[in-house]
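Q: what's the 3D shape of this:
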Amino acid sequence: MSAKDTNFTGSIPDIYDEYLVPLIFEPYARDMAKRAAATNPMTVLETAAGSGVVTRALAPLLAPDACYVVTDLNPPMLDRAASQQPADDRIEWRQADAMALPFDDGAFDVVCCQFGVMFLPDKPAGFREARRVLREGGHFIFNAWDRIEDNEFAHSVTETAARFFPDDPPRFLARTPHGYHDADAITRNLRAAGFRQVEVHTITEQSRAENPRIPAVAYCQGTPLRNELVERDAGLLEKITEAAAADIERTFGKGPVSGKIQGQVYVAVR
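A: Presented below is the predicted three-dimensional model:
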């Protein structure tokens, strides 16, 4: 993983939240919120919260006297999340590194993380930190995207971008969001970190948009793929976005489009 893969800055947070969240993240956020709330937690930590889609889904399900700490490594993403959340005294917003959490041992009933573990340079270290801050019997709930071939719009955009740079294809989507998908290996990492019980659930959904340009903009301009494209040739960003939209239209049709998305949810018990 490149160091630039975690660079969610500039216009990326706003485009990410406006385009990518409804395109792929909302159904998984609702699922995660329900799983977390079902444990009846009084203290919740969210890591790699991004623009706050899980926060918006989970906060209404928590007890009135619960404590919910929402963190992300990137201040621009955390600022976007806080700006979209209704005022709530239960929520504390903090910048934090998921591999070096600034919290006491056993401080939380639940640690949740939506599609964030793939960005950790050292996944086992992140799992150990999640376990450390959980109480005995606490739950670590996170999800990870399946391979890129099972996520059709992301795969299409990656193939389009590769045509423009055949000698150095931009591989952010395949490398990072979709690069940590081996359920057996992830389960082994969790058990090595000390979790005594691990469940894995595969969830397949449909990614829907009103037109082909929406997924093209979402992936080309609302993720760090944008950084790769601009680094290679900033003048081609819009041309590549238009080409990605045209390719999606050829495969999925004009007007409203729908493509498969797939990920795994992990529920690990300390």
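
Q: assign residue 63 to helix, strand or coil.
A: Going by DSSP: H, G, I helix; E, B strand; the rest coil, the secondary structure assigned to residue 63 is coil.

Q: contacting residues around it?
A: If a contact means C-beta atoms under 8 Å, 6 or more residues apart in numbering, then residue 63 has 40, 42 as its contacts. Where you see a C-beta, it was placed from the backbone N, CA and C, and this is true even at glycine.

Q: what sits up against the longest helix seen in the chain?
A: The helix spanning the most residues in the chain, taking DSSP state H as the definition, is helix 237-252. Helix 237-252 is contacted from outside by 152-153, 156-157, 159-161, 163-164, 211-213, 215-217, 219-221, 226, 229-230, 257-259, using C-beta under 8 Å, 6+ apart.

Q: list the buried residues in that helix.
A: Neighbour-count burial for helix 237-252 flags 240-241, 243-245, 247-249, 252 (criterion: 16 or more other C-beta atoms under 10 Å).

Q: is residue 108 in contact with residue 43, as I believe?
A: Yes: using C-beta atoms under 8 Å, residue 108 is in contact with residue 43, at 4.7 Å.

Q: picking that back up, now, the contacts of helix 237-252 that are in helices?
A: Among the contacts of helix 237-252, the members falling in helices are 152-153, 156-157, 159-161, 163-164, 213, 215-217, 219-221, 226, 229-230 (criterion: DSSP H).

Q: report the central residue of the chain.
A: Compute the mean C-alpha point of the chain, and by C-alpha atoms, centre = their mean the closest residue is residue 115, 2.9 Å away.

Q: next one: it from residue 264, what distance?
A: Distance from residue 115 to residue 264, counting by C-beta to C-beta, to the nearest Å: 11 Å.

Q: hey, what's in contact with both of the two?
A: Residues touching both residue 115 and residue 264 (C-beta under 8 Å, 6+ apart) are 143-144.

Q: on that earlier part again, residue 108 and residue 43: which is more packed in?
A: Neighbour comparison, residue 108 and residue 43: the larger count goes to residue 108, with 26 against 20 (by other C-beta atoms under 10 Å).

Q: and that one, what are its bridge partners?
A: With DSSP bridges applied, the residues forming beta bridges to residue 108 are residue 134.

Q: that one: what's it in contact with?
A: Remark: with contacts taken as C-beta under 8 Å, 6+ apart, residue 108 is in contact with 41, 43-45, 69, 133-135, 138.

Q: same question for residue 85.
A: By C-beta under 8 Å, 6+ apart, residue 85 lies in contact with 52, 55-56, 59, 91.

Q: can you pick the most crowded of those?
A: Going by other C-beta under 10 Å, residue 52 tops those with 28 neighbours.

Q: from residue 18, how far off is the closest residue to residue 245 other than its chain neighbours?
A: When the adjacent residues along the chain are set aside, residue 245 lies closest to residue 216, with 3.9 Å between them (C-beta to C-beta, 6 or more residues apart in numbering). Note on residue 216: its distance to residue 18, by C-beta to C-beta, is 14 Å.

Q: so for these two, which residue has more residues nearby?
A: For residue 216 and residue 18, the more surrounded residue by other C-beta under 10 Å is residue 216, and the numbers stand at 26 against 16.
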